[in-house]
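K.L.:
sequence? don't have it. structure:
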């Protein structure tokens, strides 16, 4: 019964007053992001995509970044693409700089996506990787150089692939 209820919530989420129930909705979606059920996780990602449009929710969605990074290892291209979009919105809307441990985990998760079979996932991962470099905490830039150097060759090949 929770799958139809979750699907209904995703469809009506735009009609809700997120100032009143945003935290509850985010808590529900956080729970379903960690589930092994692909349908529930996909619905949770769709809800987070809608929530990421609300400026008041952007900061709260940032707390789910570590869980989202784990979803980048999924083999289902649509889920990876939605996750990349949510992470991009989160990085762009975030006023604070990205702590280096999270940035390193994200960079390491993005590198394999440069060679993904889905060209949309490739492009989104490259854009997010570029955006992320601008928001790193200054002391976190040195450890980030290794993943950055590892990304240059795949990026070069991708740009000259056609």
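P.N.:
Good, I have the coordinates. Just so it is clear, the structure is predicted and the values come from calculations on it, not from any experiment.

K.L.:
Tell me how this structure divides into domains.
P.N.:
The chain resolves into domains spanning 1-63, 66-162 when parsed by automatic domain parsing.

K.L.:
In a markdown table: those, plus mean pLDDT and mean neighbour count.
P.N.:
Where you see a C-beta, it was placed from the backbone N, CA and C, and this is true even at glycine. As requested, these are exported to a markdown table (pLDDT from 0 to 100; neighbours: other CB atoms under 10 Å):
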| stretch | mean pLDDT | mean neighbour count |
| --- | --- | --- |
| domain 1-63 | 86 | 15 |
| domain 66-162 | 75 | 16 |
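
K.L.:
can you list contacts of the helix or strand harbouring residue 48?
P.N.:
Using DSSP states H and E, residue 48 falls within helix 38-51. Identification of contacts with helix 38-51 by CB atoms under 8 Å, 6 or more residues apart in numbering yields 2-3, 6-7, 9-10, 13-14, 18, 22, 25-26, 28-33, 35, 57, 61, 64, 71, 76, 78-79, 82-83, 85-86.

K.L.:
Sort out for me which of those residues are in helices.
P.N.:
Using DSSP state H, 2-3, 6-7, 9-10, 18, 22, 25-26, 28-33, 57, 61, 71, 78-79, 82-83, 85-86 are the members of those that sit in helices.

K.L.:
State the distance from residue 67 to residue 59.
P.N.:
Spatial separation of residue 67 from residue 59 under the definition CB to CB, to the nearest Å is 16 Å.

K.L.:
no no, residue 122
P.N.:
Per CB to CB, residue 122 is found 29 Å from residue 59.

K.L.:
got it, and residue 47?
P.N.:
When distance is defined by CB to CB, residue 47 is 17 Å away from residue 59.

K.L.:
for residue 13, same thing?
P.N.:
Residue 13 sits at a distance of 18 Å from residue 59 (criterion: CB to CB).

K.L.:
tell me how far stretch 28-40 is from the chain's mean position?
P.N.:
Averaging C-alpha coordinates over stretch 28-40 and over its chain gives two centres that are 14 Å apart (CA atoms, centre = their mean, to the nearest Å).

K.L.:
Just the terminal-to-terminal distance for that stretch.
P.N.:
Counting by CA to CA, to the nearest Å, the length from the leading to the trailing residue of stretch 28-40 is 11 Å.

K.L.:
One more: stretch 60-75?
P.N.:
When the end residues of stretch 60-75 are compared by CA to CA, they are separated by 27 Å.

K.L.:
Which residues does that stretch contact?
P.N.:
The set of residues external to stretch 60-75 that reach it, using CB under 8 Å, 6+ apart, is 22-23, 26, 29-30, 33-34, 41, 45, 48, 51-52, 79-80, 83-84, 86-87, 89-90, 94, 102, 105-106, 109-110, 113, 125.
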